[in-house]
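> Prediction below, plus the sequence it came from.
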Amino acid sequence: MEEFDEHAEKAKTLPESTTNENKLILYGLFKQAIVGDVNTSRPGIFNMRDRAKWDAWKAVEGKSKEEAMGDYITKVKQLLEEASA
């Protein structure tokens, strides 16, 4: 959990150039790690931003919190390496 928290802080330092797709992947994994499976209804068609975030979370439904944390840490490391390359 400590390493996860550390990488959640590091994720905030990712450059502006980080793609929305990658931000959504991180969001979905973060929510799955903290909350577990989606527990809200899908936002309406006129709320595209929240709908995309919900879809990203739904995409990792069924992953254990531990697995989601591991995937999140790996993804943050990958994005930080790409940013510094």
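Done, it's in.
> Count the neighbours of the closest residue to residue 76 other than its chain neighbours for me.
Closest residue to residue 76 apart from its sequence neighbours, by C-beta to C-beta, 6 or more residues apart in numbering: residue 7 at 4.3 Å. (Each C-beta comes from the backbone N, C-alpha and C, glycine too.) Residue 7 has 19 neighbouring residues, counting by other C-beta atoms under 10 Å.
> Next: residue 66.
11.
> May I ask which helix or strand encompasses it?
Here residue 66, judged by DSSP states H and E, is contained in helix 65-84.
> Quick one: residues contacting the residue positioned nearest the centre of the chain.
The centre of the chain sits closest to residue 26, judged by C-alpha atoms, centre = their mean, with a distance of 1.9 Å. Shown in contact with residue 26 (C-beta atoms under 8 Å, 6 or more residues apart in numbering): 11, 72, 75-76, 79.
> ok, and the most crowded of those?
residue 72 (26 neighbours).
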